[in-house]
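J.: this is the structure alone, sequence omitted:
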């Protein structure tokens, strides 16, 4: 009798979970929301001082009954919300076009260190700042995005970049100690994001964090739009760069799919 | 007694499904694969004859111990695997930057009409060709991608575009009858994709399919890479255009997340 009950329940369970297990059924069940972590490309998009800004080079508008619009544009690979391919700082590294999709669709971890930064453009993130994360689930494939609290300055380019004389820059970033820790201790971290214009601090001259990450096969996402608070765990990252075959970088559409209520499980 | 059993099973069920329901748990459980439906951007990328091709305008390589590479590029919005925003053919339509994410992450339907096309560049798709789809789940939000079987010609630009004298074009496409049917009968279709260079047939001069779709608020994805067979139902579309704020179109990273075995449920 018990066996019969069990079988009935088991069949019921298998039947229902087959539906629940469908990706589309889960994704569109109303529990998740899509959050854009990308800034738009327009005349105000943040670029480093020497880089080619995004601009339209041609704007066709055909007036009248056959109205249409078509445009052409120019841009640096490295401006706005963009991806650095491993090739950016490592000649043997992957171009943008060669980064496998399994590294671009991954669980997302937000490391919110903004209260430590406290708006200080000279802040550098060291390993001891991350003690609170030591026991978290870095062992699984993931993208880590560091939140320095810099998105609130994005409409003030001078402040966001910390522009000084001779185009010097000044904004918070990672120490090489932290990148070394990520690339040697947690092999499953596939990329690192920041809500500033560089994973290295703005004042860095030799960019060791870029070098370490590139050599280890990690990509960076820079100028991540973290204007909105999102869960530190439980979101899925969609990292979708323009597929520039031999790109050292590319504009990236970076979207988080997040549970509407914070969930702590993987 | 029955009630007790039911409660125990119910608790068990809720507990297990809480985990099963997690998006990351479903997405990374090994049952799904990520399939790139985008062609790369390089010197061979397909553009219409008059459009600005993708090209690097600057390629910096800093040799030596501080090796790095950084590039700049120019391109038409409308070439390679790209998205047409509703604004492309409708002045009041959304720019690329205004298309909501809920229209860009949707269930994907592949309408494989390649056996009807049979490599005929003069083929035009009419409503009667789609009778086999009438009873399918168009009622739910979705992206429909029409497979004309044209991806196999992508490395032969002359053939793929059907280039003739005075840059005339000749390849298969939709009739305005089909686009009218999609936009009036099935309000939840958010976009239309094709594995050719235009939703209108190559020989079309006044592009009625573009006009109808734009006015109805639909986007197009053109030059979809359907080199690989993917399930007609059960995949999820990630339509991730470069976020060009006032774009009439943009390069798009278009990825399908598909069950490794074909599933027929929604």
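T.: Sure, I can see it. None of these values were measured; they are calculated from a predicted model.
J.: how close does residue A:180 sit to residue A:215?
T.: Plainly put, residue A:180 is 11 Å away from residue A:215 if you go by Cβ to Cβ, to the nearest Å. To be clear about C-beta, it is placed using only N, CA and C from the backbone, and glycine gets the same treatment.
J.: do the same with residue A:24
T.: 39 Å.
J.: okay, these two: which has more neighbours?
T.: residue A:24 (22 against 14; other Cβ atoms under 10 Å in any protein chain shown).
J.: which strand or helix spans that one?
T.: helix A:23-27 (DSSP states H and E).
J.: give me the mean pLDDT for the helix or strand that that helix is followed by.
T.: Downstream of helix A:23-27, the first helix or strand assigned by DSSP H and E is strand A:32-36. The average pLDDT for strand A:32-36 rounds to 97.
J.: please apply the same query to stretch A:61-72.
T.: 95.
J.: also stretch A:209-218?
T.: 98.
J.: surely residue A:190 touches residue A:220?
T.: No - under the criterion of Cβ atoms under 8 Å, residue A:190 is not in contact with residue A:220, lying 11.0 Å apart.
J.: when these two are compared, which one has more neighbours?
T.: residue A:220 (27 against 21).
J.: enumerate every residue touching that one.
T.: With contact set as Cβ atoms under 8 Å, 6 or more residues apart in numbering or on different chains, residue A:220 has these partners: A:83, A:84, A:88, A:191, A:192, A:193, A:194, A:199, A:210, A:213.
J.: keep those residues, but drop any that are not near chain B.
T.: Restricting the contacts of residue A:220 to those near chain B by Cβ under 8 Å from any Cβ of the partner chain leaves A:88, A:210.
J.: next step: the contacts of residue A:220 restricted to strands.
T.: A:83, A:84, A:191, A:192, A:193, A:194 (DSSP state E).
J.: most neighbours, which of those?
T.: Neighbour-wise, these (other Cβ under 10 Å) top out at residue A:84, 31 neighbours.
J.: what distance do you get for it to residue B:68?
T.: 10 Å.
J.: which neighbours do those two share?
T.: A:210, A:248.
J.: who's in contact with the closest residue to chain B within the stretch 51-200 of chain A?
T.: Going by Cβ to the nearest Cβ, chain B is nearest to residue A:101 of the stretch 51-200 of chain A, at 3.8 Å. Counting by Cβ under 8 Å, 6+ apart, residue A:101 makes contact with B:34, B:35, B:36, B:255.
J.: redo that, cut-off 7 Å
T.: Contacts for residue A:101 (Cβ atoms under 7 Å, 6 or more residues apart in numbering or on different chains) come out as B:34, B:36, B:255.
J.: what would those residues look like in TSV with neighbour count?
T.: Output for the contacts of residue A:101, formatted as TSV (neighbours: other Cβ atoms under 10 Å in any protein chain shown):
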residue	neighbour count
B:34	17
B:36	19
B:255	23
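J.: and these near chain A, which?
T.: Judged by Cβ under 7 Å from any Cβ of the partner chain, the overlap between the contacts of residue A:101 and the neighbourhood of chain A comprises B:34, B:36, B:255.
J.: which residues sit against whatever helix or strand residue A:71 lives in?
T.: Assigned by DSSP H and E, residue A:71 falls within strand A:68-76. Here strand A:68-76 makes contact (Cβ under 7 Å, 6+ apart) with A:47, A:51-52, A:54-62, A:251, B:52, B:57, B:72-78, B:87-89, B:244, B:247-248.
J.: contacting residues around the nearest residue to residue A:250 once chain neighbours are set aside?
T.: Sequence neighbours aside, residue A:241 is the residue nearest to residue A:250 in space, at 4.0 Å (criterion: Cβ to Cβ, 6 or more residues apart in numbering or on different chains). Going by Cβ under 7 Å, 6+ apart, residue A:241 touches A:83, A:96, A:250, A:251, A:252, B:253.
J.: okay, residue A:3: pLDDT?
T.: 43.
J.: typo on my end, residue A:14
T.: 40.
J.: shaky segments in the stretch 151-266 of chain A?
T.: A:186-187, A:261-266 (pLDDT under 70).
J.: which residues in it form helices?
T.: A:157-161, A:176-185, A:208-215 (DSSP state H, counting those that start in this stretch).
J.: who does the strand holding residue A:71 pair up with?
T.: strand A:55-62 (antiparallel), strand B:68-76 (antiparallel) (DSSP bridges).
J.: burial of the residue nearest to residue A:212 when sequence neighbours are not counted, as a residue count?
T.: Nearest-residue entry for residue A:212: residue A:179, 4.4 Å, with adjacent residues in sequence omitted and distances by Cβ to Cβ, 6+ apart. Residue A:179 sits with 25 neighbouring residues when counted by other Cβ under 10 Å.
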